[in-house]
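1. Predicted model and sequence below, questions to follow.
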Amino acid sequence: MTATLANGILETATTPFPDQRPGTSGLRRKTRAFMQPRYLENFVQAVFDVAAADAPLARETLVLGGDGRYFNVPAIQTIIRMAIANGFGRILVARDGLLSTPAMSAVIRTRMALGGLMLSASHNPGGIDADFGVKFNVRNGGPAPEEVTERIYRRTLEIDRFRSVRLADLDLGRESDHQVGATRVSVFDPLADYVALLERLFDFGALRALFRGGFRMCFDAMHAVTGPCAVHILEERLGAAAGTVVRAQPLPDFGGGHPDPNLVHAHALVERMNAADAPDFGAACDGDGDRNLILGRGCFVSPGDSLALIVEHARRIPAYRDGLAGVARSMPTSTALDRVAASLGIACYETPTGWKYFGDLLDAGLCSICGEESFGTGSDHLREKDGLWAVLCWLSIIAATGMTPARALDAHWRAFGRSYYQRHDFEDLDAAAAAEAVDALRQRLPALAAARFAGEAVVLADDFAYRSPVTGATSEHGGIRIVLADGSRMVFRLSGTGTAGATLRVYLERYRRDGAAGDPEPHLAPLLEAAHALLQLRERFGRERATVIT
Ligand code: G1P
Ligand code: ZN
């Protein structure tokens, strides 16, 4: 039932949906779930209610955009009407509704907005039968911290009405300004804020010289949101050859692909980089532009190594010339970073999975560069991970050192040793059974602390708990972690970004001081076997092999 209030605002009665607790990165559900009446509205109203409890919205700006997946534009139109009814002073809507996650973070910061709503399910497929998501970012440009997402969730459980106005769909195809009651709605081009920021961090002149010298790269935009921006930066600004960016056009279904830049889903790029006439450098970004994949000729740079190498060479990049305050990685991420941090004499923080836990470290100036094993890397220039930033870091390192990615990796491993690393994902598991498997492991922790694996004694077996050194906020159940005497690790946790069933992630790391190039498999085999046995994967799920190995 909808009532029209005196000021023309429409108030519609609603009842709660019990499943609107945000996960690792916002609320992700099947697109059809979001398309059912009141589902999107309930969640967005809960976000606005929580925001309004902290600050009157009349003087505040809301940034709005998405990764272009199916349902992006209709959802944006709905949210515009709701944001007006909820009294925002200003709404900034990305042109065509297209905004990458890092650009969202940049715009919130440069325009001093209250925050933003980002419509994306990141690297998950798009389409009416695929995935959709909504993420709320706060004033620092980063994802809402757990304390805020929990308040939003509690609000969704008691919501009984949402607000909207009668307003025709806005034309998002061109920049424009509209005054609707007390709200100014602007359709804007987010590219300028974001590119200007990157230009301040990197030496575009040096990168132009690299391409002028004949350097060739291939960037796979995976038909996702970074395409137009990558064409602008790489081809138009830095002079990379036309056609350097492939699959550049954003599509609602990402061309039927899975916009996840890893060895499995970016296989076309991987094949190209393994071919005889491969370019010098390959890279890809995900659906919303925050993840990155880095490849050399016939060479894959794992995310943990990429993070460690960027930190190792950071002083070659103008923004980090004076050194780094500290670095951070999520707990399951390879410890390669820790060794570089130790050599630089800077702190290395270990946080739970998800970018939201880096926010306060970055805000407090404790951390300059951070990253995750899930192909995410970023720095204090934003409060999100940033795919194109990582690509520009690598181009800068290559330009400054003259090393190929393969040579840079070799030099790194010679200096620090190598963490052989893999993540094994078991997807589409029965949710209750998967939770039970992790619980069973949790129960066995005391016994596991005295066990041995792969010939090494266990030195730590726990369920990762975190306390922010900045705010004191705590987070529990970050994953079961088994650390061995030689620094090797097995980590087990359930994904918090899925939309159906459960995904169990098994992270394996084996450190070798004499590690060198070559496949990680043989080095990880004893850990993999132990992990399968610990989880009873065959007995519980009939699984012999992971769905995806990265
Ligand atoms: C996954 C990754 C995590 C990342 C998140 C959002 O979350 O593991 O590192 O921050 O996606 O991109 P998960 O599904 O494991 O909860
Ligand atoms: Zn993403």
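-> Great, that's in hand. Please read these numbers as outputs of a predicted model, since none were measured by experiment. Numbering: from 1, shown residues only. Ligands and ions are numbered 1, 2, ... in the order given.
2. counting contacts, what elements does the helix or strand where residue 309 lies pack onto?
-> Residue 309 belongs to helix 303-312 when assigned by DSSP states H and E. Applying 3 or more Cβ pairs under 8 Å, 6 or more residues apart in numbering; DSSP states H and E, one finds that helix 303-312 makes contact with strand 326-330, helix 336-344, strand 369-372, strand 376-379, helix 387-401, helix 405-416, strand 418-429. (C-beta placed from N, C-alpha, C; glycine too.)
3. Format the ones you listed as JSON lines; extra columns: distance to residue 111.
-> What follows is the helices and strands packed on helix 303-312, written out as JSON lines (distance: least, Cβ to Cβ, whole Å):
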{"stretch": "strand 326-330", "distance to residue 111": "26"}
{"stretch": "helix 336-344", "distance to residue 111": "32"}
{"stretch": "strand 369-372", "distance to residue 111": "24"}
{"stretch": "strand 376-379", "distance to residue 111": "20"}
{"stretch": "helix 387-401", "distance to residue 111": "19"}
{"stretch": "helix 405-416", "distance to residue 111": "36"}
{"stretch": "strand 418-429", "distance to residue 111": "36"}
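4. which stretch among those comes nearest residue 177?
-> Across these, the minimum distance to residue 177, taken as Cβ to Cβ, is reached by helix 387-401, at 28.3 Å.
5. List the buried residues in the closest one.
-> 387-399 (16 or more other Cβ atoms under 10 Å).
6. shouldn't residue 362 be in contact with residue 385?
-> No: between residue 362 and residue 385 no contact is recorded; they are 11.4 Å apart, counting by Cβ atoms under 8 Å.
7. Run through the residues that contact residue 321.
-> For residue 321, the set of contacting residues under the criterion of Cβ atoms under 8 Å, 6 or more residues apart in numbering consists of residue 315.
8. what's the pLDDT at it?
-> According to the model's per-residue confidence, residue 321 sits at a pLDDT of 97.
9. Which positions in the stretch 451-550 of the chain make contact with ligand 1?
-> 495-497, 505 (Cβ under 6 Å from any ligand atom).
10. So which of these sit within helices?
-> In this view, these have no member that belongs to helices under DSSP state H.
11. Which of those residues are buried? Put it as a PyMOL command.
-> Buried subset of these, written as a PyMOL selection, criterion 16+ other Cβ under 10 Å:
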select buried, resi 495+497+505
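12. quick one: which of the residues of the stretch 451-550 of the chain next to ligand 1 is nearest residue 440?
-> So of those, ranked by how close each gets to residue 440 (Cβ to Cβ), first place is residue 505, at 16.4 Å.
13. Wait, that closest one touches residue 497, no?
-> No: distance between residue 505 and residue 497: 10.4 Å, which falls outside the contact criterion (Cβ under 8 Å).
14. circling back to that earlier point, winner for burial among the helices and strands packed on helix 303-312?
-> Relative to the other members of the helices and strands packed on helix 303-312, strand 369-372 carries the highest mean neighbour count by mean count of other Cβ atoms under 10 Å, namely a mean of 28.
15. Please see if that one touches ligand 2.
-> No: Strand 369-372 stays out of contact with ligand 2 when judged by Cβ under 5 Å from the ion, the minimum separation being 10.9 Å.
16. What lies in contact with that strand?
-> 303-304, 306-307, 310-311, 314, 320, 324, 327-330, 332-333, 337, 349, 351, 353, 355, 358, 361-362, 377-380, 385.
17. same check, this time on stretch 456-463
-> With Cβ under 8 Å, 6+ apart, stretch 456-463 has contacts from 442, 445-446, 448-452, 476-486, 488.
18. Buried residues, that stretch. List them.
-> Within stretch 456-463, the residues that count as buried by 16+ other Cβ under 10 Å are 456, 458, 461, 463.
19. next helix or strand past the host helix or strand of the second one?
-> So that's residue 458. Secondary-structure element containing residue 458, defined by DSSP H and E: strand 456-463. From strand 456-463 onward toward the C-terminus, using DSSP H and E, the following helix or strand is strand 466-467.
20. which parts of the stretch 201-350 of the chain sit against ligand 2?
-> Going by Cβ under 5 Å from the ion, the residues of the stretch 201-350 of the chain near ligand 2 are 286, 288, 290-291.
21. Would you mind giving these as CSV with distance to residue 270 and neighbour count added?
-> As requested, those are exported to CSV (distance: Cβ to Cβ, whole Å; neighbours: other Cβ atoms under 10 Å):
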residue, distance to residue 270, neighbour count
286, 15, 34
288, 21, 33
290, 20, 34
291, 15, 29
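22. In the residues you listed, find the pair that's most separated.
-> Farthest apart among these by Cβ to Cβ are 288 and 291. That separation is 8.3 Å.
23. Identify the contacts common to the two.
-> Both residue 288 and residue 291 are in contact with residue 122, where contact means Cβ under 8 Å, 6+ apart.
24. list the contacts for whatever residue of the chain ends up closest to ligand 2?
-> Nearest residue of the chain to ligand 2, counting by Cβ to the ion: residue 122, 3.2 Å away. The neighbours of residue 122, taking Cβ under 8 Å, 6+ apart as the test, are 25, 28, 67, 101, 133, 286-288, 290-291, 497.
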